[in-house]
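In: Using only what follows, build the 3D model:
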Amino acid sequence: MGSGVSSVIATAPVKSEPVETKDLEDLFKERVKIEIQGDDENEEDDVDLPTSQCESAEDTADTDIESEPEVTKPPPRKVIKKDGKEGELGAGAAAAAPAPKLPPKDKYGRKVLVCYSRRTDGVRNKAMLKHFFESMARGVIEYDFPRTSLNKVTTSCIRSLDPSDVAIIGWWSKDYANLINDWDAKAELLKRYKHHFSFTFNGEANSILEPGLVTTCKERLVQLEWLVNKCKELGQDPDASIMVHVDPIVVYRVEGSDKKYDNLGHLPALGAKMRELGLTRIHISFLQLDWRKVKTRLKRLEPALKIAEISTGERVRLLEKKVFPHTNGIQLQTCTASDVLTHYGTDDGDGDGDEDEDGNLPLLVRGACVGSEDVAKLTTDKVLNVKRPTTSGATVRVCHCHAFVDVGSQRSPCDHGCIYCFMHPRTDADDDKDV
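Out: Next comes the predicted model:
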């Protein structure tokens with residue numbers, strides 16, 4: 001790490017103050033039960049593109065941001081009412097439409113990077129993971145893909161999962177327990193591919209922000225160690241095979257308190273574990289309220305919970321106070337926080353950090369979730385890398401990921417129930433519906 005910020009870090013100790021939380025459960029009891037199903041029917045998914053990522057470089061708020069308060073939550077909800085129901089979604093969507101055709105073989109013999117799944121956590125859901133394993137065994141997967149802004153028209157897609165067409169399976173999850181438990185039984189199937197694991201750590205289980213996340217941070221750190229050992233067993237470089245995500249970073253207020261809270265209380269344990277395992281990168285982002293349905297959903301939670309939109313100055317101070325002190329020896333990277341990258345002078349857009357005269361990388365660089373350098377380290381196969389159009393959306397315009405195909409469902413409710421999710425978080429209301 002460069003020395004320019006060390007003095008700032010030293011003078012910004014992390015505060016730890018008791019927080020009165022005894023009434024928070026009552027405050028959220030009704031408001032967290034949101035009818036997400038109405039998002040698809042009544043709210044457009046169009047992105048409200050901000051005129052600038054950095055509306056104001058000045059910061060007039062000096063309020064300290066505390067780690068999220070501990071709230072006594074009710075027992076975890078039963079999230080799958082009918083076992084296997086959701087695993088049939090992809091096939092069901094395909095059956096209602098004309099039979100799709102497999103895309104033609106690449107004439108240059110290039111394979112693809114297949115991601116499962118960046119939108120709905122199919123690893124967490126046993127039925128969906130079973131469906132994916134069955135598709136891998138068949139060598140073909142059918143999945144649904146909404147193709148209008150209102151998600152009312154769904155295209156049925158089909159994609160080869162044959163190892164002759166797929167170089168790498170990119171797994172995305174906040175909880176790898178199901179995959180870990182099934183790995184030995186599916187070992188013959190899984191060893192046909194190289195694997196990349198994106199692992200998101202966003203605080204403790206059953207939190208206000210992620211009420212459906214039931215696995216504790218300590219348990220997920222054990223999972224992280226298992227993934228590192230599995231990569232070594234498969235002959236893969238763990239540091240190229242695993243990307244740890246701390247995103248989005250969320251700052252919020254709760255009713256009855258003037259303080260700001262964040263979801264970074266797990267960073268000390270995560271940073272220490274990563275150094276122990278030899279993992280050197282964390283991908284971060286800040287919550288962006290660009291999706292109209294997300295804004296509507298969060299509005300329903302007020303005044304019990306209100307998301308705080310923080311300035312560039314507050315973002316920088318939050319990183320220097322709560323993140324950098326716990327990530328020594330770990331490179332922080334981002335793709336969407338262009339305002340913070342500009343602050344540190346590392347927004348050159350090439351995906352690489354420029355070393356200083358002492359050979360140290362900047363505190364924060366522009367990076368990718370699954371970069372082409374990682375792909376090259378994982379496989380010697382030629383992997384298709386066609387850049388997506390720069391008009392595709394705000395996130396795509398700053399994305400440096402290697403080209404991929406996401407075969408996860410966009411319409412299936414995600415069991416984690418994150419209140420800030422731009423897709424379809426499962427809520428209590430979904431438990432009584434046939435999804």
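
In: pull the CA atoms of the longest helix belonging to the chain into PDB?
Out: The single longest helix within the chain, with elements called by DSSP state H, is helix 217-233. Taking Å, rounded to 0.1, in the frame of the first residue of the first chain, the C-alpha atoms of helix 217-233 are listed here in PDB:
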ATOM      1  CA  CYS A 217     -20.000 -14.900   8.300                       C
ATOM      2  CA  LYS A 218     -17.900 -17.400  10.200                       C
ATOM      3  CA  GLU A 219     -19.500 -20.300   8.300                       C
ATOM      4  CA  ARG A 220     -18.900 -18.600   5.000                       C
ATOM      5  CA  LEU A 221     -15.200 -18.100   5.800                       C
ATOM      6  CA  VAL A 222     -15.000 -21.800   6.300                       C
ATOM      7  CA  GLN A 223     -16.600 -22.200   2.800                       C
ATOM      8  CA  LEU A 224     -14.000 -19.800   1.400                       C
ATOM      9  CA  GLU A 225     -11.200 -22.000   2.800                       C
ATOM     10  CA  TRP A 226     -12.800 -25.100   1.300                       C
ATOM     11  CA  LEU A 227     -12.900 -23.400  -2.200                       C
ATOM     12  CA  VAL A 228      -9.200 -22.500  -1.900                       C
ATOM     13  CA  ASN A 229      -8.300 -26.100  -1.100                       C
ATOM     14  CA  LYS A 230     -10.600 -27.400  -3.900                       C
ATOM     15  CA  CYS A 231      -8.900 -25.100  -6.400                       C
ATOM     16  CA  LYS A 232      -5.500 -26.500  -5.400                       C
ATOM     17  CA  GLU A 233      -6.900 -30.000  -5.700                       C
END
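
In: quick one: W226 and Y261, what's the gap?
Out: Plainly put, W226 is 31 Å away from Y261 if you go by C-beta to C-beta, to the nearest Å. Placement of C-beta: from N, CA and C, glycine included.

In: ok, those two, which is more surrounded?
Out: Ranked by neighbour count (other C-beta atoms under 10 Å), W226 and Y261 place Y261 first, with 22 against 15.

In: I'd assumed R253 was in contact with the more buried one.
Out: Yes: using C-beta atoms under 8 Å, Y261 is in contact with R253, at 7.2 Å.

In: As a check, name the ranges of all strands in the stretch 101-250 of the chain.
Out: In the stretch 101-250 of the chain, the strands defined using DSSP state E, counting those that start in this stretch lie at 112-116, 140-146, 154-160, 166-173, 194-200, 242-249.

In: Spit out the contact partners of S198.
Out: 118, 170-173, 242-243, 245, 369-370 (C-beta atoms under 8 Å, 6 or more residues apart in numbering).

In: Just the pLDDT at Q410, thanks.
Out: pLDDT recorded at Q410 is 68.

In: could you pull out the strands for the stretch 251-400 of the chain?
Out: Counting by DSSP E, counting those that start in this stretch, the strands of the stretch 251-400 of the chain are 251-254, 260-262, 281-286, 305-307, 331-334, 364-366.

In: Include mean pLDDT and distance to Y420 when you put the ones you listed into TSV, please.
Out: TSV is the format used below for those (pLDDT from 0 to 100; distance: least, C-beta to C-beta, whole Å):
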stretch	mean pLDDT	distance to Y420
strand 251-254	94	9
strand 260-262	93	13
strand 281-286	95	11
strand 305-307	93	7
strand 331-334	93	17
strand 364-366	90	22
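
In: Redo those as TSV? Include distance to G417.
Out: Converted to TSV, the strands of the stretch 251-400 of the chain look like this (distance: least, C-beta to C-beta, whole Å):
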stretch	distance to G417
strand 251-254	16
strand 260-262	19
strand 281-286	20
strand 305-307	14
strand 331-334	25
strand 364-366	30
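
In: So for L270, which of those strands sits nearest?
Out: The minimum distance between L270 and these falls on strand 281-286, with 8.0 Å, by C-beta to C-beta.

In: Could you spell out the sheet neighbours of the closest one, each with its direction?
Out: Sheet partners assigned to strand 281-286 using DSSP bridges are listed as strand 242-249 (parallel), strand 331-334 (parallel).

In: Would you mind pulling the contact partners of the first one?
Out: Yep, that's strand 242-249 we're talking about. The contact list for strand 242-249 (C-beta under 8 Å, 6+ apart) reads 196-202, 224, 227-228, 231, 262-264, 267, 270, 274, 279, 281-288, 318, 323, 369-370, 374, 420.

In: distance of A177 from T216?
Out: Separation of A177 from T216 (C-beta to C-beta) stands at 11 Å.

In: Flag the shaky bits of the stretch 251-400 of the chain, pLDDT-wise.
Out: In the predicted model of the stretch 251-400 of the chain, residues 347-361, 386-398 satisfy pLDDT under 70.

In: Now do the contacts for the nearest residue to K377 once chain neighbours are set aside.
Out: Counting by C-beta to C-beta, 6 or more residues apart in numbering, A240 is the residue found nearest to K377 once chain neighbours are left out, at 4.0 Å. Contacts for A240 (C-beta under 8 Å, 6+ apart) come out as 373-374, 377-378.
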